[in-house]
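Participant: Build me a structure from this.
(chains A and B)
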Amino acid sequence: MADLSIDFCGIKSPNPFWLASAPPTDKAYNVVRAFEAGWGGVVWKTLGEDPPAVNVSSRYSAHYGKNREVLGFNNIELITDRSLEINLMEITQVKRDWPDRAMIVSLMLPCEEKLWAEILPKVEATGADGIELNFGCPHGMPERGMGAAVGQVPEYVQMVTAWCKKHSRLPVIVKLTPNITDVRAPARAALAGGADAVSLINTINSITHLDLDRMVAFPVVGNASTHGGYCGSAVKPIALNMVAEIARDPVTAGLPISGIGGIGNWRDAAEFIALGAGSVQVCTAAMLHGFRIVQEMKDGLSRWMDEKGYQSIAEFSRKAVPNTTDWKYLDMNYAVIAQIDQDKCIKCGKCYVACEDTSHQSIAQLIDAASGVRTYEVIKSECVGCNLCEITCPVEACITMVPQQTGKNYMNWTQDPRNPRAEVVG
Amino acid sequence: MIESLKHLPQARGSNSELAEHFTDLAPPLTERRAAIEAARCLYCYDAPCTRICPTEIDVASFIRNIHDQNINGAAAGILKANIFGGACARVCPTEILCEDACVRNHDEEGQPVKIGLLQRYALDNARFAAHPFERAPATGKTIAVVGAGPAGLSCAHRLAMLGNDVVVFEARQKSGGLNEYGIAKYKLPGDFAQQEVAFLLSIGGIEVRHGHTLGVNLHLQDLHARYDAVFLGLGLNASRQLGLTGEDAPGLMAAVDYIAHLRQASDLASLPVPRRAIVIGAGNTAIDMAVQIKRMGAEDVTLVYRRGYESMTATHHEQDIAKMNQVRIKTWAAPLDVLLDDAGRVCGMRFEETRMIDGRLTGMGSFIEIAADAVFKAIGQSMDAVGLSDEMARHITRSGDKINVDGHFRTALPGIYAGGDCVAPGQDLTVQAVQHGKLAAIAIHNDIQSTVGAA
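Facilitator: Numbering: from 1, shown residues only, chains lettered A, B, ... in the order given. Predicted structure coming up:
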């Protein structure tokens, strides 16, 4: 069986699945249940100054799919609302009882070096394996000058990271906010401040939906609402891109990344790892299904690794990074064309209307005069290979995109004569 | 009192006990189930369910509206195409229409979207502050409609919507036609048919006059003279005859007559119920009859058909309903003799076994007898010829039972239109009658308007 254990910037863990800093890791009771279920590590829910934060109700709200499955989820919870003392005590006890599991402590404090200098030795004394700086929390805390308010200013990220390195021997993971134009800037700042790793993404500013009778968004607090932090499956594409951006940025290419954002199964985890992550953090999936899902995640990942011949996580980590590039380096001569498997086609016409109304009019509707039966066929000369028909088709593998033999060599946009700024090709 | 069966015992059990056997055949969808079912609709383009619907309801659109929680929008979309959408949702053979055409039959789920139940959900749960359709400015025209069944009322509603006034003449005491008198009670329970008629009439401009029977106290000649146009939605009122001796004996009657009594009875316990019954026929009326008499308490019900299952006009779904209700189905047996007891009452029937030989139904010379206290014939309906016996009506050409009409439901007589079961095209379905009425109304309106223009 494949070895799932990892060494993430010096933090050892029996598997790459960590619970992200969030409600599931707020106290010993939950964390012990998580370790019993098999999670490789936890990032303890963010500690801050005393007196602890105070929360409102309600706090969560969901974006549902067609069948009421939760696609995305947001929350307006703050950092831990329990005292620093009790949190530190519990962390100490849990780490003592579960020495093989990764114990990372999330921290959030105002930008004053003194405060960080005070708390870091206390955290170190718990026996924790590392700290994660919460520079991402998008709600409540930024109003107090913390969380995303820090994460959005690279200079602050660098400064606080440096303080932590100065006042602690523990590995420092800087957790980044996605609520920023270019995530590479804070990642570079974290590296410059001495960070051992970055983790991302934190949640995205969001309003899931409204009560149109009361004219108020969810989650409702009395008669008002506020923006919350979005997470869950829906944010995965955004998170994957941001992980890739950092993994392929020459400045931060070597920086360990803990991937977060919509990871709900082994495949999601494998994708994050292939795009640059060394560990993955999970929260929403556990909140929706319980801690037991780690069993299927571990099983699926290790079976897939066995099938592919990967003996360790490191063997396939970052393997997709070289294949992720800038648009201008894509092959202008590569071409695919849609192909409809007529045996699988159920004749719903969705591909036809999508292409006809909104794309390239490259699907023909043929009507049999006698039976009235519709047949849909690709007009090859018109198809640009955009994938829309494949996406709209409700039948799996009915429409496929077939690579075409163009007989032309690789040529990217920088070389393309159609590009007014193309390099002259000899 | 049903004269033909008055010698039989009354149903056992109280009215309320019996009524429990006639509740909804298919329970309505709950909100959540409707949401799940609506989510299964693929919102096909040029959807086959819509193409096959005789009234051309935009199925994909109304289901999407249900999914988007726009229930009034869904209902209005259905009613725009089919003002009897509520009845059709309950009585349409969806298994051979929209649901048979659903592309979900062909995909991995292998189950059609429950279109009929979704249509019912939309109409049951719509809440309109007023009638959903406004009448066009008055045309000053008045049209006579004969028959307050689905065809006639559909025609009347569309004519009213287009700005015309309508007078509907109906022979029976209630409007609704087949929906009121002829459909199995468990398909249209309660007073649904009357509620639907009331809703339809609430558009205004339609007057219904009951107790007017064409050929008796109503004559085509007068209608033609007094109104701008006439629509005949006569239906098929006469039961076909077996042509056997003893056909008029006590204990033998038309299934539709018993069904009408059953549907109108204020006390089900007062109805006569045979212990053993035979139903002759192979259509939905035969099934409706067999199942209902079984539910009324008959111990032994045999449905007899002279051909095989594959030729039955009752759909597979209907046949399954019969089987679920322990109705025995005997195929390949043709009625031969009505057996009478000493008092001259029905005590059974003799059938000759049949086969198809060289494409012809042939008697095999072997016979079976089935004992029964009552025999119900459901071998089809024909037009009551009395209605079209006046001097003018004779000019209306017919093919057999059915009135000939052109593509716009015009008969051979100018200004006289016809639709529903009394005309040739179609499948004798409620939904078909509704479509005829609707299209005829549009044709009548256009014809009258063009006359105005020409004048």
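Participant: Please count neighbours and contacts with C-alpha atoms only from this point.
Facilitator: Fine.
Participant: Tell me where the model's unsure across the chain.
Facilitator: I'll assume chain A. Across chain A, the ranges flagged by pLDDT under 70 are A:139-140, A:424-426.
Participant: Not quite, go with chain B.
Facilitator: Along chain B, segments meeting pLDDT under 70 span B:425, B:452-455.
Participant: what does it have sitting close to chain A?
Facilitator: Taking C-alpha under 8 Å from any C-alpha of the partner chain as the contact definition, chain B meets chain A at B:35-36, B:39, B:42-47, B:103-104, B:106-108.
Participant: which one of the residues you listed is nearest residue B:359?
Facilitator: For the residues of chain B next to chain A, the closest approach to residue B:359 (C-alpha to C-alpha) belongs to residue B:106, at 33.3 Å.
Participant: so the closest one makes contact with residue A:346?
Facilitator: Yes - Residue B:106 is within contact range of residue A:346, at 5.8 Å (criterion: C-alpha atoms under 8 Å).
Participant: May I see the ChimeraX selection of the buried members of the residues of chain B next to chain A?
Facilitator: Buried subset of the residues of chain B next to chain A, written as a ChimeraX selection, criterion 16 or more other C-alpha atoms under 10 Å in any protein chain shown:
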select /B:35,36,39,42,43,44,45,46,47,103,104,107
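Participant: taking the residues of chain B next to chain A one by one, which sit in helices?
Facilitator: Mapping the residues of chain B next to chain A onto helices (DSSP state H) picks out B:35-36, B:39.
Participant: what's the distance between the closest residue to chain A within the stretch 301-450 of chain B and residue B:434?
Facilitator: In the stretch 301-450 of chain B, the residue found nearest to chain A is residue B:426; the distance is 17.5 Å by C-alpha to the nearest C-alpha. Residue B:426 sits 11 Å away from residue B:434, going by C-alpha to C-alpha, to the nearest Å.
Participant: Out of the two, name the residue with the larger neighbour count.
Facilitator: Counted by other C-alpha atoms under 10 Å in any protein chain shown, residue B:426 and residue B:434 do not tie: residue B:434 has more neighbours, with 28 against 15.
Participant: What about residue A:13, how many residues nearby?
Facilitator: When neighbours are counted by other C-alpha under 10 Å, residue A:13 comes out with 23.
Participant: again with residue B:34
Facilitator: There are 21 residues near residue B:34, going by other C-alpha under 10 Å.
Participant: Contact distance from chain B - what residues of the stretch 1-150 of chain A qualify?
Facilitator: A:66-67.
Participant: residue boundaries of the strands in the stretch 1-150 of chain A?
Facilitator: Assigned by DSSP state E, counting those that start in this stretch, the stretch 1-150 of chain A shows strands spanning A:6-8, A:11-13, A:17-19, A:41-47, A:60-64, A:70-75, A:102-107, A:130-134.
Participant: Now residue A:276. Nearest residue, chain neighbours left out?
Facilitator: residue A:318 (4.3 Å; C-alpha to C-alpha, 6 or more residues apart in numbering or on different chains).
Participant: could the strands of the stretch 1-150 of chain A go into JSON lines alongside distance to residue B:82?
Facilitator: What follows is the strands of the stretch 1-150 of chain A, written out as JSON lines (distance: least, C-alpha to C-alpha, whole Å):
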{"stretch": "strand A:6-8", "distance to residue B:82": "66"}
{"stretch": "strand A:11-13", "distance to residue B:82": "66"}
{"stretch": "strand A:17-19", "distance to residue B:82": "56"}
{"stretch": "strand A:41-47", "distance to residue B:82": "59"}
{"stretch": "strand A:60-64", "distance to residue B:82": "34"}
{"stretch": "strand A:70-75", "distance to residue B:82": "37"}
{"stretch": "strand A:102-107", "distance to residue B:82": "63"}
{"stretch": "strand A:130-134", "distance to residue B:82": "61"}
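Participant: which stretches of the stretch 151-300 of chain B form strands?
Facilitator: Remark: strands assigned in the stretch 151-300 of chain B by DSSP E, counting those that start in this stretch are B:165-170, B:206-210, B:229-232, B:238-239, B:252-254, B:276-280, B:300-304.
Participant: need the ones you listed in a markdown table with mean neighbour count, can you?
Facilitator: What follows is the strands of the stretch 151-300 of chain B, written out as a markdown table (neighbours: other C-alpha atoms under 10 Å in any protein chain shown):
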| stretch | mean neighbour count |
| --- | --- |
| strand B:165-170 | 24 |
| strand B:206-210 | 19 |
| strand B:229-232 | 26 |
| strand B:238-239 | 16 |
| strand B:252-254 | 23 |
| strand B:276-280 | 27 |
| strand B:300-304 | 23 |
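Participant: For residue A:297, find the nearest of those strands.
Facilitator: Short answer: strand B:300-304, nearest of the strands of the stretch 151-300 of chain B by C-alpha to C-alpha, at 59.0 Å.
Participant: Given that closest one, what are its sheet partners and their directions?
Facilitator: strand B:276-280 (parallel), strand B:328-330 (parallel) (DSSP bridges).
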